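Novice: pasting the sequence and the predicted model now:
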Amino acid sequence: MMRALMQPHRIVMLAVAIGLVLWIVFGGNWSWLPKYAPMIVQGVWRTIWLLALSILIGFALAVPLGLAQASGPRVLALPARAFCTVIRGTPLLLQIWLLYYGLGSLFPGIPWIRESDLWPILRQAWPYALLALSLSYAGYEGEVMRGAFASVPRGQIEAARAMGMPRWKIFSRISLPLALQSVLPTLGGEAVLQLKATPLVATITVIEIYAVSSRVRQDTLITYEPLFLVAAIYLVLAALIVLAFRKMEGRQPRRTA
Amino acid sequence: MDSTLGLLALSPPGWGGTLLIGLWASIQIAVGAFGLGLLIGLGGAYGKIYGGPVLRDCLGVYTTVVRALPELILILLLYFGLTDMVNKLMLALGYGRIQISGVVAGVLVLGVVQGAYATEILRGAILAVPPGQIEAARAMGMPAGKIARRITIPTMLGLALPGLSNLWLIATKDTALLAIVGFNELTLATRQAAGTTKAFFTFFIAAGVIYLAISLLSTWGFARLEAWARRGDPPRVAGAR
């Protein structure tokens, strides 16, 4: 590691990088930072839970979507495939706006929704953001899981059937673990992609970390410093995701023979 | 829904014309950015494989940073940064400020983003070309440019096309992000039409259908292109993947 860094050009590049960071930190205008610090913390927190929840919900939807496409009857496979194609074929920004403006303009006209207890929640923006992000993740991951379920060796399933395992048990004990094992590295990459998609919800007034930077820009006319800070935060979050998935992959039982 | 379908008519009071103008802008940017990305990617891939240590490390930093940051933030940083730099340059040279046209800025910004992904795709494809082929060409005394044109690029094209097809789809969808910097492409035109007429579902679904048609058409086109690029490949053995 140190040896690789000790080449002359790498030392120069490292010095340039450190110089750049120092220049941004000391040469930039950070006077806005104390005032917006609580907002930034809240923004990071919101980004993290939007990401975590949308991945959980999206993945819970992706498993049946993948299973339906890989081994379901046509009645289920066709709609699942159509869903994945539509989600993957249209921009996420458009999906977010369709749900937020479309549903948001439809709901107030429906009396039983207006009078229900959920209305105070549905009036806010984040349920639409979460729904759009979850559906998008489900669409992309449904395709990934289709491949994963299709690549589970037939012999494994036939063996389980021969042992008299019921269908549900075959799924939970054989298909799902094998499929998960084969897609775990892909899922890590997709989680980073999902992180990179979260700033789009700022356009529907969800104040996550990116929205804080554009708020600072609007209030103070300082453009670059908030963007650099947010970029650094995204880099750290992406690195954390990569590390977490590497750890999960390390915990997987691996065949040794 | 029936009553709002009339709003999609091409001439005012219908908004169809506005959407089509937005679509044209989106297509221009997607094609331009994809083309620029391919050029950067080809240069970057050759640089990563055949370049010296300094060039290789610089390209490594470029591809890593661009692929780790959200596109939206890159677009904003590049958009503000580029326009600022050009204007400072113009002022320093004694000219007035200029307004960079949205299409040019969009192509430049998205092209830089696409270039990072294209570099990695093309690098992988070039590395998969059997080295013997390139060595043979070199032994025949072919100059480097001719080797690239006659040997490396035709051989790697079939391997690179699936990745490039994905990249093109990303390019078409990423043009929607330019709506956030206020560039009037399909998504922003749609929002304006929807906001004015309050027919949100009609317009957003119409735009969705357009994007979907583009992506289905291009998937088909790229599959044809791949079949063409692989025309010289040995026939695949049945059962092998």
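Specialist: Perfect, thanks for sending it.
Novice: C-alpha from now on. contacts and neighbour counts both.
Specialist: Fine.
Novice: for B:Gly115, the count of nearby residues, please.
Specialist: 28 (other C-alpha atoms under 10 Å in any protein chain shown).
Novice: ok, for it, nearest residue in space, not its chain neighbours?
Specialist: B:Gly37 (3.8 Å; C-alpha to C-alpha, 6 or more residues apart in numbering or on different chains).
Novice: check B:Arg97 too.
Specialist: In space, B:Arg97 is closest to B:Asn87, 5.4 Å off (C-alpha to C-alpha, 6+ apart).
Novice: tell me which element A:Leu76 falls in.
Specialist: Using DSSP states H and E, A:Leu76 sits within helix A:74-89.
Novice: list the buried residues in that helix.
Specialist: Under the neighbour-count criterion of 16 or more other C-alpha atoms under 10 Å in any protein chain shown, helix A:74-89 has A:Ala77, A:Ala80, A:Arg81, A:Phe83, A:Cys84, A:Thr85, A:Val86, A:Ile87, A:Arg88, A:Gly89 buried.
Novice: and stretch B:55-67, by the same measure?
Specialist: Under 16+ other C-alpha under 10 Å, the buried positions of stretch B:55-67 are B:Leu55, B:Arg56, B:Asp57, B:Cys58, B:Leu59, B:Gly60, B:Tyr62, B:Thr63, B:Val65, B:Val66, B:Arg67.
Novice: which of those come close to chain A?
Specialist: B:Asp57 (C-alpha under 8 Å from any C-alpha of the partner chain).
Novice: before we move on, the earlier item: specify which member of the buried residues of helix A:74-89 is nearest to chain B.
Specialist: Nearest to chain B among the buried residues of helix A:74-89 is A:Gly89, at 4.9 Å by C-alpha to the nearest C-alpha.
Novice: for B:Gly163, see how far away the closest residue to that closest one other than its chain neighbours is.
Specialist: Using C-alpha to C-alpha, 6+ apart and skipping the chain neighbours, the partner closest in space to A:Gly89 is B:Leu212 (4.9 Å). Going from B:Leu212 to B:Gly163 by C-alpha to C-alpha, to the nearest Å gives 19 Å.
Novice: who has more neighbours out of these two?
Specialist: Set side by side, B:Leu212 and B:Gly163 give different neighbour counts by other C-alpha under 10 Å, the larger being at B:Leu212 (20 against 17).
Novice: hang on, the earlier thing: any idea of the mean pLDDT for the helix holding A:Leu76?
Specialist: Mean pLDDT, helix A:74-89: 93.
Novice: and if you look at stretch B:43-53?
Specialist: Averaged over stretch B:43-53, pLDDT sits at 91.
Novice: list the buried residues in it.
Specialist: Within stretch B:43-53, the residues scored as buried using 16+ other C-alpha under 10 Å are B:Gly43, B:Gly44, B:Ala45, B:Tyr46, B:Gly47, B:Lys48.
Novice: repeat that for stretch A:217-229.
Specialist: Buried residues in stretch A:217-229, defined by neighbour count with 16+ other C-alpha under 10 Å: A:Arg217, A:Ile222, A:Thr223, A:Tyr224, A:Glu225, A:Pro226, A:Leu227, A:Phe228, A:Leu229.
Novice: residues in contact with that stretch: which ones?
Specialist: The list of residues contacting stretch A:217-229 from outside it, by C-alpha atoms under 8 Å, 6 or more residues apart in numbering or on different chains, reads A:Ile24, A:Gly28, A:Asn29, A:Trp30, A:Trp32, A:Ser213, A:Ser214, A:Val216, B:Ile73, B:Leu77, B:Phe80.
Novice: same thing but 6 Å
Specialist: The contact list for stretch A:217-229 (C-alpha atoms under 6 Å, 6 or more residues apart in numbering or on different chains) reads A:Ser213.
Novice: ok, now stretch B:124-142?
Specialist: B:Met156, B:Leu159, B:Ala160.
Novice: recalculate using a threshold of 10 Å.
Specialist: B:42, B:45-46, B:49, B:118-120, B:122, B:143-144, B:146-148, B:150-161, B:163 (C-alpha atoms under 10 Å, 6 or more residues apart in numbering or on different chains).
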